[in-house]
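1. Return atomic coordinates for the entry below.
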Amino acid sequence: SVVLTLVLAACAQGPSLSLSLGSSSIDIVLGASGELEVTVSGSGSGTVDLSVAGLPAGVTASFDPATLAGGATSSTLTLDVDAGAAEGTSDVTVTATQGGQSASSDVQVTVSALTVNGRVVGLLDVPRVGVDVSIDGTIATTDADGEFTIEGLSVPYDLVVYQTGAEPLAHVFAGMTTPTPEVLPYMIATSGGGFP
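-> The predicted structure is shown next:
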């Protein structure tokens, strides 16, 4: 009789490299930054390098960390938007590379200017009507509710509440980032009028 012995040699193959992002889209205001969590799986204990492509002009990216090693699986991607960047939406690709393997995922990055919808109040939260407000050279006047709107801004911004006339006064709120500020100016009138 003939005995046939079949030997099967299996090639050990590790899991495929994959990459996922904490969100498929991110909105960032001019002058601000945004963060995304980056998760890599299937890398084992090898070293994985992270990179990004397709960034619009005026947007820069950094990873913390930029290289995953020793079984690490996550990094934070920070996107910094310059105050002079162009507004719009771009598809940005994040890639993980390990040896001959790579995995990618896309994120939609929207860059937009800030619109400030603010309110000027006096003592006891009384709305200040007809008050002049200036941000980056754009001037608005508060309405019957003490509210104002100024568009096309970047952060941080300086908000100036002022009055003109014989005794001009001004209060500067510096380094603001909120789109909905409510401010109580500290102005002292020396001879009547002015702010309470």
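
2. ok now do Leu68, which residues does it touch?
-> Residues near Leu68 by CB atoms under 8 Å, 6 or more residues apart in numbering: 40, 43, 47-48, 50, 74-75, 96. Backbone N, C-alpha and C define where each C-beta goes, glycine included.

3. farthest pair in those?
-> For these, the maximum inter-member distance is 14.7 Å, found between Thr47 and Ser74 (CB to CB).

4. Quick check: phi and psi at Pro56.
-> phi -70, psi 160 (degrees, to the nearest 10).

5. just checking, it touches Val109?
-> Yes. Contact status for Pro56 versus Val109: in contact at 7.0 Å, counting by CB atoms under 8 Å.

6. joint contacts of these two?
-> With CB under 8 Å, 6+ apart as the test, Pro56 and Val109 both reach Ser90.

7. Between these two, which is the more surrounded one?
-> Using other CB atoms under 10 Å, the more surrounded residue of Pro56 and Val109 is Val109, with 23 against 18.

8. partners of that one in the sheet?
-> For Val109, the beta-bridge partners under DSSP bridges are Ile26, Ser90.

9. Please tell me how far it sits from Ser45.
-> Computed with CB to CB, to the nearest Å, the distance linking Val109 and Ser45 is 32 Å.

10. that older thread, distance to Tyr157 added to the contacts of Leu68, as JSON lines?
-> Converted to JSON lines, these look like this (distance: CB to CB, whole Å):
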{"residue": "Val40", "distance to Tyr157": "37"}
{"residue": "Ser43", "distance to Tyr157": "43"}
{"residue": "Thr47", "distance to Tyr157": "42"}
{"residue": "Val48", "distance to Tyr157": "39"}
{"residue": "Leu50", "distance to Tyr157": "33"}
{"residue": "Ser74", "distance to Tyr157": "34"}
{"residue": "Ser75", "distance to Tyr157": "31"}
{"residue": "Ala96", "distance to Tyr157": "37"}
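
11. Which PyMOL command selects the buried ones in the residues you listed?
-> Typed into PyMOL, the line below selects the buried ones among the contacts of Leu68, using 16 or more other CB atoms under 10 Å:
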select buried, resi 40+43+48+50+75+96
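
12. Restricted to helices, list the contacts of Leu68.
-> Within the contacts of Leu68, no residue falls in helices by DSSP state H.

13. from the contacts of Leu68, which is closest to Val131?
-> Nearest to Val131 among the contacts of Leu68 is Ser75, at 47.0 Å by CB to CB.

14. for this protein, which spans come out with low pLDDT?
-> Within the chain, the segments meeting pLDDT under 70 span 1-15, 167, 187-196.

15. Apart from its neighbours in sequence, what residue is nearest Gly22?
-> Distance criterion CB to CB, 6 or more residues apart in numbering; nearest residue to Gly22, sequence neighbours excluded, is Glu37 at 3.6 Å.

16. Wasn't that neighbour part of a strand?
-> Yes. Assessed by DSSP: H, G, I helix; E, B strand; the rest coil, Glu37 belongs to a strand.

17. how deep is it tucked in, by neighbour count?
-> For Glu37, the neighbour count with other CB under 10 Å is 12.
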